[in-house]
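*Asks:* Provide a 3D model corresponding to the input given below.
(2 chains)
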Amino acid sequence: MREITLSQAVNEAIAEEMRRDPTVFLMGEDVAEAGTPFKVLSGLVEEFGTERVIDTPISEPGFVGLAVGAAMTGARPVVDLMFGDFLYLVMDQLCNQAAKQHYMSGGKLTVPMVLRTNLGATRRSAAQHSQSLQALVAHIPGLKIAMPSSAYEAKGLMKTAIRDNNPVVIFEDKLMYQDKAPVPEEEYLIPFGEAHIKREGSDITLIATSSMVQVAGKAAEMLAAEGIEAEVIDPRTIVPLDEKTLLDSVRKTSRAIVIDEGHQSYGVTAEIASRLNEKAFYHLDAPVLRMGAMDVPVPFSPALEDLTVPTPESVVENARRLCAGELIHAA
Amino acid sequence: MPHDVTMPQLGMAQDAGRIVAWLKAPGEAVAKGDALFEVETDKATMEVEAQTGGYLTGISANEGDDVPVGAVIARISETAEDEAGTPAAASAPEPEPEPEPEAGAALPEGKAVTMPQLGMAQDSGLLVGWLKTPGEAADDLLFEVETDKSTMEVPAGLDGYLAATLAEAGEEVPVGQAVAVISAEKPEAPLSRSAKNAGARPAQGAVPEPAAASAPKTKDPAPEKARAPQAAPPGGRILASPKARRLALEQGLDLGRLAEAGHPQPFHVADLEALRALPDPAAAPATSASASSRRLTATVASDGLPGFVAWAAEAHGLKDADAILAGFAGASLNPGGAATVAIERPGARRAFTVPPGRALSAVAETGDAPALVLRDLRGTALSGVEMGAEEAPVLTLTHAGGGLTITLECAASGLDAAGAIRLLTDFAGRMEQPLRHLL
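*Replies:* The predicted model follows:
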């Protein structure tokens, strides 16, 4: 199978959907002429014109509000939010308007919009361009949250997101845009709420999102060398969450580590770990561990920044301790 | 007439408010409109104004109290000293025990003006004040009402005279309830009364019983105690993973045995293998010991020995108290024959031969192995023992208040049940009343 970058996969997904459905249009800062700072959307304006690939002013609340209105009245906007950190600017449009219109109109209105944005530290972009804010929006009922972990997921999830009648936020890891993965030429969709078991194992379950799936995968390889078989699972969408696959795995392995690049406190890892505790408690042979980013603003200093995120080595160390039956946080 | 100060309804779904602070002291002069107290609801903290002037008296709700809406919490009196008729502590308003004289009087004829519904979810309104006095022509705005959202002036809606007011300023009146009567003719005897006299108000019914407000604080802690963890062994909590615990339970394995065996905690599923490898509990010594040993306890109200020892030393020259004790024990063990009894104290052990008969003077020290051990722990802080069977039956003396606890422990094969009971009964009798030995 051919291999393409995550960037190309996203570009293909949007282009295919725009060809298929004339109501799909693209909007955001620098999406047309520049093709985004990461060159993800290059070439689309040449094919679809400035009517459907729209450069906006620097006005996040404005153009996200515009997209909500367009979605409510029949279009399918794909809005590009240049950095995930800018989510703070669009909270009202996203959480108060997009997420609630269907409910508050008694089902008469739908908001089929996609907010494409990113996450991820270690790009030396400092505290205001390095955050992973998926927990912020995953908290809001009415929004779906997709987190592709490779080019394959990025394409399949994007196409599903565009066809979904609900507002969907897609977080791409900005460090993965040039990562290649096998992606079929033929069309495919990845349904929401279906986790993917990346690697089977019997001793411990590593549940990881986005680029943390790569971290967990490397950790699993290192653990295998020590005789510990880790199962790696990518939920792919955290809302909706495929609880069954996660619980089935934990019931099998009795141990789990949940890894996500958002800040650890009150985060995605906490939510998943809590569900495992609630629903698989009597199958746990060790506490479920969370591994998120350190609860600090992301440092600009490369040496410090690298310390704030989970690494394969830190995952291996935790997994080793869990499997050895070490006393972890026991009073 | 004193004016009741009640807990206002400040929000749509509010049924109680918390007094954050009183802004006036008891007895302090209050002018209408003065901030009287601060109340906190689920939404906000607000200052509540006095609806009339006077002196603040009869405060019955303290700062921090949760008070049902409508409850009388103080009054505004004409004098600072008016403490009479202090309202019941933060209780929901009840119909006045003694209706005012005019309450029973027939209402003047006319058309009723009701509390309007000014908001979608409003079920009552606070009558802020009357803009007309009874008897006056009701040609304009009649009263002011405050809802959860706003304060509005309400017109009479028809021409005539205000013949009766059926609610006082500061009262919460349900939507639809009559608050005034407008008569076509100038009324001869206009009256005003409180809404309380108009019968039970729905707002009151919705208010929780006063007891409910304090219920959480006095909640009986007993149910908590009743839920003592089942599996907790006497030695403390065993650290084990949920899965290890579940499997142990399902397979009838006792994690306590693993703990007793000194296996490192916390226990995980893998440790259950070690538990399975432990000897079968049915064959464990603990179980067989309990089946083949006896432990009996007697309590005597007083220790007669010291007095007897003193008397024996003085009257008969028997100066060895241990020999007397051995004599008692030996005679209790073997009433007809001889017995060897060892007397043990912390750090000391002496054995005595007790000859047949009761003569304490004939008790002599010996080196023979004892048939009975008497362990005297009266000088220690120990209050009870459970040592298990030893080679010979053991009688242990421990203090129990002014008296003694005597414990007999022996192997079942050492003494039969009847013999053990007789030994302990006889010996206890002798310790309490040593003269029995001589009978």
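
*Asks:* What are the boundaries of the strands in the stretch 51-200 of chain A?
*Replies:* With DSSP state E, counting those that start in this stretch, the ranges of strands along the stretch 51-200 of chain A come out as A:53-55, A:76-80, A:114-119, A:144-146, A:168-173, A:180-182, A:196-199.

*Asks:* Okay, now the sheet partners of the second one, with direction.
*Replies:* The pairing partners recorded for strand A:76-80 under DSSP bridges are strand A:24-28 (parallel), strand A:114-119 (parallel).

*Asks:* cool, the fifth one as well?
*Replies:* Partners of strand A:168-173 in the sheet, by DSSP bridges, are strand A:114-119 (parallel), strand A:144-146 (parallel).

*Asks:* Direction-wise, compare the longest strand anywhere in chain A with strand A:168-173 and give the angle.
*Replies:* Ranked by residue count, the top strand of chain A under DSSP state E comes out as strand A:256-263. Between strand A:256-263 and strand A:168-173, the angle comes out at 90 degrees (axes from the mean of the first three to the mean of the last three CA atoms, to 10 degrees).

*Asks:* low pLDDT regions in the stretch 201-331 of chain A?
*Replies:* Along the stretch 201-331 of chain A, the parts satisfying pLDDT under 70 run over A:329-331.

*Asks:* So which residues on it come close to chain B?
*Replies:* A:Ser254, A:Phe281, A:Tyr282, A:His283, A:Leu284, A:Asp285, A:Ala286, A:Gly325, A:Leu327, A:Ala330 (CB under 8 Å from any CB of the partner chain). (C-beta placed from N, C-alpha, C; glycine too.)

*Asks:* In contact with the residue nearest to the second one when sequence neighbours are not counted, which residues?
*Replies:* To tie it back to what came earlier, the one meant is A:Phe281. Computed as CB to CB, 6 or more residues apart in numbering or on different chains, the closest residue to A:Phe281 that is not its neighbour in sequence is B:Pro242, at 5.0 Å. By CB atoms under 8 Å, 6 or more residues apart in numbering or on different chains, the residues touching B:Pro242 are A:Phe281, A:Tyr282, A:His283, A:Leu284, A:Asp285.

*Asks:* Using PyMOL, define a selection of the buried residues within those.
*Replies:* A single PyMOL command suffices to select whichever of these are buried according to 16 or more other CB atoms under 10 Å in any protein chain shown:
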select buried, chain A and resi 283+284+285
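
*Asks:* With secondary structure as new columns, can the contacts of B:Pro242 be given to me in TSV?
*Replies:* As requested, those are exported to TSV (DSSP: H, G, I helix; E, B strand; the rest coil):
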residue	secondary structure
A:Phe281	helix
A:Tyr282	helix
A:His283	helix
A:Leu284	coil
A:Asp285	coil
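
*Asks:* for B:Ala298, what are its contacts?
*Replies:* Per CB under 8 Å, 6+ apart, neighbours of B:Ala298: B:Thr405, B:Ile406, B:Thr407, B:Leu408, B:Leu424, B:Thr425, B:Phe427, B:Ala428.

*Asks:* Distance of the residue lying closest to it once chain neighbours are set aside relative to B:Thr340?
*Replies:* The spatially closest residue to B:Ala298, leaving aside those adjacent along the chain, is B:Ala428, at 4.0 Å (CB to CB, 6+ apart). Distance, B:Ala428 to B:Thr340, using CB to CB, to the nearest Å: 21 Å.

*Asks:* same check, this time on B:Thr405
*Replies:* B:Thr405 is 25 Å from B:Thr340, by CB to CB.

*Asks:* Check A:Leu247 too.
*Replies:* Distance of A:Leu247 to B:Thr340, given as CB to CB: 71 Å.

*Asks:* for B:Leu438, same thing?
*Replies:* 22 Å.

*Asks:* Over to B:Gly384?
*Replies:* 27 Å.

*Asks:* Which of these two has more residues huddled nearby?
*Replies:* Neighbours were counted for B:Gly384 and for B:Thr340 using other CB atoms under 10 Å in any protein chain shown; B:Thr340 has more, 20 against 11.

*Asks:* was I right about that one contacting B:Ala351?
*Replies:* Yes. Contact criterion CB atoms under 8 Å: B:Thr340 and B:Ala351 qualify, at 6.0 Å.

*Asks:* between the two, what contacts are shared?
*Replies:* Residues touching both B:Thr340 and B:Ala351 (CB under 8 Å, 6+ apart): B:Thr366, B:Asp368, B:Ala369, B:Pro370.

*Asks:* what's around residue 263, how many residues?
*Replies:* Using chain A here. The number of residues near A:His263, taken as other CB under 10 Å, comes to 22.

*Asks:* meant chain B, my bad for not saying
*Replies:* Count around B:His263 with other CB under 10 Å applied: 14.

*Asks:* what's the distance between it and chain A?
*Replies:* Applying CB to the nearest CB, to the nearest Å, the value for B:His263 to chain A is 11 Å.

*Asks:* Quick check: closest non-adjacent residue to that residue.
*Replies:* In this structure, B:His263 finds its nearest non-sequential neighbour in B:Ala274, 5.7 Å apart by CB to CB, 6+ apart.

*Asks:* so how far is B:Gly252 from that neighbour?
*Replies:* Using CB to CB, B:Ala274 is found at 16 Å from B:Gly252.

*Asks:* higher neighbour count, those two?
*Replies:* More crowded of B:Ala274 and B:Gly252, by other CB under 10 Å: B:Ala274, with 13 against 7.

*Asks:* Look at the more buried one and tell me its secondary structure.
*Replies:* helix.

*Asks:* Give the full set of residues in contact with residue 325.
*Replies:* As the question left the chain open, I've gone with chain A. Taking CB under 8 Å, 6+ apart, one finds A:Asp285, A:Ala286, B:Pro266, B:His268, B:Ala270, B:Asp271 in contact with A:Gly325.

*Asks:* if you could check chain B rather than the one you did, that'd help
*Replies:* B:Leu305, B:Ile343, B:Leu374, B:Asp376.

*Asks:* State the distance from it to chain A.
*Replies:* Counting by CB to the nearest CB, the gap from B:Leu325 to chain A is 50 Å.
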